[in-house]
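Q: Sequence isn't available, so here's the structure alone:
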């Protein structure tokens, strides 16, 4: 089933394998470059590529050398990548990203912003100088929330000008949209805080704004009901994310998909128990569902067969196996990801993973790490 075609809005995907968004920290100055183009082209056989997180404005950056999607230079850099991916037969969405309180003044000289002046209660900010304490963010004034909605709309416009096939709104992993959505990071008293309806308002307004730029089911949304990343938490995640999924399913313009980060979700009430994230979301969203979270080809096949999701996202497997669909077709072999190079600069561990030798069968060149352990920072996508 992973190798079956799938109709996603106006796109026909050649397989059901999605390259999940993967921060790689290879964009010095925030501008996409030729090395990134080679990286994405190598993986163009994915049913769909979702790019690494791309910050929608300078204050939305939270990690070193992550690309942006708000300036003419960034637009032109991304256009080089999308054109190359299209020439290779691929399909590619841009992930629109604002990290909110996970940022640090190192990156932009300003106090990070968030729905409320609450720093994450665990973890630390990452800078090139090392781990540092999270700064207490500045709570956004109501008019500023509207300005960030407009910034998402502008980034969506830049993505369209850069010839992407669509965009994914990053509402997961403890970043800004997730901070508004979850009660542990949102204690506002205006129309963006308090009830679940108010806390979901920012997500829904951003989605509507981006859909105003993109038509024909070319907008996806990513949520993480149970991931708990970056110190995020909610008093009743089943209620919060169940409501968000239902409302996203009622939009006047259907989403391309809802992308769920798989993890256990704690329910509340008389029948307290844990359920997996897609188990929570599936009954509440009738559209295309992508599930991502540590899948192997075998477990991905089972998830599709069981109706758990329509598409399966792969992260580390796509990092180490640029030709992953062909390897799945042949039953392997698979390269092993080199974790130490996930977020390190340079070509090694980025564009030098070997593809299968298609000239002489299913052999594969051995992957020989060079240069030793260069260290890694945590995933940002």
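A: Now that the structure is in, tell me what you want to look at. Since the model is a prediction, treat every value here as computed from it, not as a measurement. Numbering: from 1, shown residues only.

Q: contacts, neighbours, all on C-alpha from now
A: Fine.

Q: so what's residue 95 bridging to?
A: Going by DSSP bridges, residue 95 is paired in beta bridges with residue 53, residue 168.

Q: right, and it touches residue 52 too?
A: Yes: taking contacts as CA atoms under 8 Å, residue 95 lies within contact range of residue 52: 6.3 Å.

Q: Now list whatever residues contact both of these two.
A: Common contacts of residue 95 and residue 52 (CA atoms under 8 Å, 6 or more residues apart in numbering): residue 21.

Q: which one of those two has more residues nearby?
A: residue 95 (30 against 22; other CA atoms under 10 Å).

Q: Find out how far the lengthiest helix in the chain is from the centre of the chain, if you would.
A: Criterion DSSP state H: the longest helix present in the chain is helix 142-161. With CA atoms, centre = their mean, to the nearest Å as the basis, helix 142-161 stands 17 Å off its chain's centre.

Q: Could you check that helix and say which residues are buried?
A: Buried residues in helix 142-161, counting neighbours by 16 or more other CA atoms under 10 Å, are found at 145, 148-160.

Q: show me where this structure has helices.
A: Going by DSSP H, the chain shows helices at 34-42, 72-87, 105-108, 142-161, 176-181, 196-199, 201-211, 237-249, 277-281, 297-305, 316-320, 324-330.

Q: circling back: now flag whichever of the buried residues of helix 142-161 is closest to residue 7.
A: Proximity of those to residue 7 (CA to CA) peaks at residue 160, which lies at 20.8 Å.

Q: Now for that closest one: which residues touch it?
A: 166, 213, 214.

Q: Look up how far residue 23 lies from it.
A: Residue 160 sits at a distance of 21 Å from residue 23 (criterion: CA to CA, to the nearest Å).

Q: And residue 171, by the same measure?
A: Note on residue 171: its distance to residue 23, by CA to CA, is 15 Å.

Q: So for those two, which residue has more residues nearby?
A: Neighbours per residue, other CA under 10 Å: of residue 171 and residue 23, the larger number sits with residue 171, 26 against 20.

Q: what's the more buried one in contact with, if anything?
A: Residue 171 makes contact with 177, 178, 203, 221, 222, 223, 224, according to CA under 8 Å, 6+ apart.

Q: List the residues that contact the second one.
A: Taking CA under 8 Å, 6+ apart as the contact definition, residue 178 lies against 171, 172, 223, 232.

Q: what residue ranges in the stretch 51-200 of the chain score low on pLDDT?
A: For the stretch 51-200 of the chain, no stretch is flagged by pLDDT under 70.

Q: Select, from the contacts of residue 171, the two members most distant in space.
A: By the measure CA to CA, 203 and 224 form the most distant pair in these, at 13.1 Å.

Q: Could you report the separation of residue 304 from residue 313?
A: In terms of CA to CA, residue 304 sits 11 Å off from residue 313.

Q: Likewise for residue 150?
A: For residue 150, the distance to residue 313 - CA to CA - is 29 Å.

Q: what residue ranges in the stretch 201-350 of the chain score low on pLDDT?
A: Low-confidence segments of the stretch 201-350 of the chain (pLDDT under 70): 268-272.

Q: how about JSON lines for the helices of the chain, with distance to residue 125 added?
A: Conversion of the helices of the chain to JSON lines gives the following (distance: least, CA to CA, whole Å):
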{"stretch": "helix 34-42", "distance to residue 125": "25"}
{"stretch": "helix 72-87", "distance to residue 125": "25"}
{"stretch": "helix 105-108", "distance to residue 125": "10"}
{"stretch": "helix 142-161", "distance to residue 125": "22"}
{"stretch": "helix 176-181", "distance to residue 125": "15"}
{"stretch": "helix 196-199", "distance to residue 125": "25"}
{"stretch": "helix 201-211", "distance to residue 125": "24"}
{"stretch": "helix 237-249", "distance to residue 125": "25"}
{"stretch": "helix 277-281", "distance to residue 125": "27"}
{"stretch": "helix 297-305", "distance to residue 125": "33"}
{"stretch": "helix 316-320", "distance to residue 125": "23"}
{"stretch": "helix 324-330", "distance to residue 125": "33"}
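
Q: Would you mind telling me which of those helices is nearest residue 15?
A: Residue 15 lies closest, by CA to CA, to one member of the helices of the chain: helix 324-330, at 7.7 Å.

Q: How far off centre is that closest one?
A: 23 Å.

Q: in it, what counts as buried?
A: Within helix 324-330, the residues scored as buried using 16+ other CA under 10 Å are 324, 325, 326, 327, 328.

Q: which residue sits closest to the first one, ignoring its sequence neighbours?
A: The one in question is residue 324. Nearest non-adjacent residue to residue 324, counting by CA to CA, 6 or more residues apart in numbering: residue 318, 6.2 Å away.

Q: Kindly confirm whether my reading is correct that that neighbour touches residue 326.
A: No: using CA under 8 Å, residue 318 is not in contact with residue 326, being 11.6 Å away.

Q: Can you name the residues that contact residue 173?
A: Applying CA under 8 Å, 6+ apart to residue 173 gives the contacts 223, 224, 227, 228, 229, 230, 232, 381.

Q: Now do it against residue 219, distance only.
A: 19 Å.

Q: With residue 23 instead?
A: Separation of residue 23 from residue 219 (CA to CA) stands at 20 Å.

Q: Next: residue 330.
A: Remark: distance between residue 330 and residue 219 (CA to CA) = 32 Å.
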